[in-house]
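1. Got a sequence here, can you build the structure:
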Amino acid sequence: MEFLEKAYPYNFEGITNEVYQFRFISIGNHKITKIVSIAPVEKNLNWYNVGFGNLEKNGDLVTVNDLSEINNNDYDEVLATVFMCILHFFNSNPDCTVIFFGNTFHKHKLYKQKISSNMESLEQYLDISGGKIIEEVGIIEKKQTVIRNGKPHERIVKEKDINSLNNGVNVKSIERYNKEKTAEYQFVLFNLKKINIY
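-> Residues are numbered from 1 along each chain as shown. Presented below is the predicted three-dimensional model:
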């Protein structure tokens, strides 16, 4: 089965404050509602950031938790669905660029591994670039309690401190995505592949 064929069915929820929102259900040991948001980050360049996480309710408070540890170990299906949402976004925004990165080192590494192992499938539709920035991104270490086999376990999560980039981000380089250099990329860019009709 091709990577993108693993995607869950999803719903386009609409556009609020220029943010495109999608929803889908991850099915396994849990039934988890996931939200995918594609939001503008640099209007002059038509750059949008993609983010996704679990929809969680705590009383009247509803949040999207992109650090949630509750999952069905269905990484391929979840990421394939995120890419289907990106392609949906490109249907009405063909000249935009989508920037993609994980908010923790573990997630960022996992996402790049999945991109690298599914390049053939993704490159049918997308031009993929890897990028580096000049600034050092600060690291925040947070304690997190996760439940495994019904028992709580404490661990330290190394999270990227986006606030450390308050003065903006200076891009050092952007190049065609190279699987051999994936460890160097601090972000990944997607553009809709332009089809040559000649």
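
2. Tally up the residues packed near Gly130, please.
-> 22 (other C-beta atoms under 10 Å). For every residue, glycine as well, the C-beta is placed using N, CA and C.

3. swap in Ile99?
-> Quick note: Ile99 (other C-beta under 10 Å) scores 18 neighbours.

4. can I assume it is in contact with Val41?
-> Yes: using C-beta atoms under 8 Å, Ile99 is in contact with Val41, at 6.6 Å.

5. Going along the chain, name the strands of the chain.
-> 10-16, 19-27, 31-42, 47-58, 61-65, 97-100, 126-133, 138-148, 151-161, 171-176, 187-192 (DSSP state E).

6. okay if I get those strands as CSV plus distance to Leu110?
-> Formatted as CSV, these follow (distance: least, C-beta to C-beta, whole Å):
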stretch, distance to Leu110
strand 10-16, 21
strand 19-27, 16
strand 31-42, 16
strand 47-58, 13
strand 61-65, 17
strand 97-100, 12
strand 126-133, 15
strand 138-148, 16
strand 151-161, 13
strand 171-176, 21
strand 187-192, 12
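
7. what sits against Gly28?
-> Gly28 makes contacts with 72-74, as judged by C-beta atoms under 8 Å, 6 or more residues apart in numbering.

8. Is it possible to mark the buried ones in those residues?
-> Buried members of the contacts of Gly28, counted by 16 or more other C-beta atoms under 10 Å: Asp74.

9. wait, what's in contact with Met84?
-> 4, 7, 10.

10. Now do stretch 78-97, average pLDDT.
-> On average, the pLDDT along stretch 78-97 is 96.

11. buried stuff in that stretch?
-> Within stretch 78-97, the residues scored as buried using 16+ other C-beta under 10 Å are 78-90, 96-97.

12. All good on my end, thank you.
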